[in-house]
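> Using only what follows, build the 3D model:
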Amino acid sequence: MMALTSVDPASFRAALSRFASGVTVLTTRTADGRDAGMTATAFSSLSLDPPLVLACVDRTASMLSPLEQASHLAVHLLSEDQEALSRRFAADEADRFRGLEVTRGLEGLPLLGGCLGRLQCRITGRHPEGDHVIIIGEVLEAEAAEGSPLLYFRSRYGRLGR
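A predicted model of the protein is given here:
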């Protein structure tokens, strides 16, 4: 496939790192009953009516296969004191859930506590684009708590200035 642009990858990455994003953890349950999860910053609302969200997952991510087979997905919007949880789900660990308290949601979704917000979604679309797959979820359950978000900016975690 021929490249449509000649933008330098390092310049592109540097420019995008100037966009502050919230930090989420995506979780699902595999067909054989295993919990799967990953940290994601490429997340966005898509539509209010119907309520839709999207997450972009790298084609090389270990979470992609479970998401391609799953019917449901949970999105955890992390609070500023959950950096360790974000790092845990970003690391290459065989069982990222080991030792964590997990409750169960729709279709057995693993739900993490202490989050600023939590969305339980039915996966309605998967769209390969570039080196990622865009996962679309229809929000079936939404919860919100008070607090401040964990942010990611210039390849570092951050907090809102007060």
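> didn't Gly105 look like it was pressed against Glu141?
Yes: with contact defined as Cβ atoms under 8 Å, Gly105 counts as touching Glu141 (6.9 Å). Backbone N, C-alpha and C define where each C-beta goes, glycine included.
> Pick out whichever of these two has more residues nearby.
The residue with more neighbours, out of Gly105 and Glu141, is Gly105; 19 against 13, by other Cβ atoms under 10 Å.
> so who does Ile136 touch?
For Ile136, the contact set (Cβ atoms under 8 Å, 6 or more residues apart in numbering) comprises Leu46, Leu52, Val53, Leu54, Ile123, Thr124, Gly125, Arg126, His127.
> Please enumerate the shared neighbours of Gly105 and Glu141.
Joint contacts of Gly105 and Glu141 (Cβ under 8 Å, 6+ apart) are Gln120.
> Next secondary structure element downstream of the least confident helix or strand in the chain by mean pLDDT?
Of all helical and strand segments in the chain, the minimum by mean pLDDT, DSSP states H and E falls on helix 9-16, at a mean of 84. Per DSSP states H and E, helix 9-16 leads on to strand 21-22 as the next helix or strand towards the C-terminus.
> what's the offset of that following strand from the middle of its chain?
Centroid separation for strand 21-22 versus its chain: 10 Å, with Cα atoms, centre = their mean, to the nearest Å.
> Would you mind pulling the contact partners of the next helix or strand along the chain from it?
Sequence-wise, the next helix or strand downstream of strand 21-22 (DSSP H and E) is strand 24-29. For strand 24-29, contacts defined as Cβ under 8 Å, 6+ apart pick out 35-41, 43, 55, 57, 63, 66-67, 70, 72-78, 85-86, 89, 107-112, 115.
> ok, 7 Å please
Residues from elsewhere that reach strand 24-29, judged by Cβ atoms under 7 Å, 6 or more residues apart in numbering: 35-40, 43, 55, 63, 66-67, 70, 72-78, 85-86, 89, 107-110, 112.
> could you pull out the helices for the chain?
Using DSSP state H, the helices of the chain run over residues 9-16, 64-69, 83-90.
> Contact partners for Ala36?
Neighbours of Ala36 in contact, by Cβ under 7 Å, 6+ apart: Thr27, Thr28, Thr30, Met63, Pro66.
> In JSON lines, list those residues along with neighbour count.
Output for the contacts of Ala36, formatted as JSON lines (neighbours: other Cβ atoms under 10 Å):
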{"residue": "Thr27", "neighbour count": "28"}
{"residue": "Thr28", "neighbour count": "25"}
{"residue": "Thr30", "neighbour count": "14"}
{"residue": "Met63", "neighbour count": "23"}
{"residue": "Pro66", "neighbour count": "22"}
